[in-house]
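> Sharing a model that was predicted from the sequence below.
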Amino acid sequence: MPALWIAHVTVTDADAYGKYAELAGPAIAAHGGEFIARGGRFVQLEGKERPRNVVAKFPSIEAAVDCYHSPEYQEALNHARGASERELMVVETSE
């Protein structure tokens, strides 16, 4: 079943986070991920508000988790650490 990678982010260092985004996109695509939402308009109804929200769809939960642990994504993630506060989850869809 397909899965969604959902990230809620507050960027604290735009330059470093920009490098993360530059590297993360190709890593996500290489694992079959495609972006559905990337920092667009949102309405926070509950919980902690994060100004940047990203949703990517993967072919499976395993593909999303493999992407996260891949050397390419981990290299990108090194730029996000210390440059953002974030939550990331992968959830299987009902398709």
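Thanks, I have it. As the structure is a prediction and not an experimental result, all values here were calculated from the model. Numbering: from 1, shown residues only.
> CA atoms of stretch 48-60 as PDB?
Included here for stretch 48-60 are C-alpha records, laid out as PDB according to Å, rounded to 0.1, in the frame of the first residue of the first chain:
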ATOM      1  CA  LYS A  48       2.100  22.800  17.700                       C
ATOM      2  CA  GLU A  49       2.100  25.000  14.600                       C
ATOM      3  CA  ARG A  50       5.100  24.600  12.300                       C
ATOM      4  CA  PRO A  51       5.300  27.100   9.400                       C
ATOM      5  CA  ARG A  52       6.600  24.500   6.800                       C
ATOM      6  CA  ASN A  53       4.700  21.300   6.100                       C
ATOM      7  CA  VAL A  54       5.700  18.700   3.500                       C
ATOM      8  CA  VAL A  55       3.900  15.600   2.300                       C
ATOM      9  CA  ALA A  56       5.400  13.100  -0.100                       C
ATOM     10  CA  LYS A  57       3.800   9.900  -1.400                       C
ATOM     11  CA  PHE A  58       5.800   6.700  -1.600                       C
ATOM     12  CA  PRO A  59       4.900   3.400  -3.200                       C
ATOM     13  CA  SER A  60       5.000   1.700   0.300                       C
END
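> quick one: buried residues of it?
Across stretch 48-60, burial judged by 16 or more other CB atoms under 10 Å covers Arg50, Arg52, Asn53, Val54, Ala56, Lys57, Phe58, Ser60. From N, CA and C alone the C-beta is placed, and that goes for glycine too.
> And Glu85, which helix or strand is it part of?
Using DSSP states H and E, Glu85 sits in strand 84-92.
> What average pLDDT does that strand get?
The average pLDDT for strand 84-92 rounds to 96.
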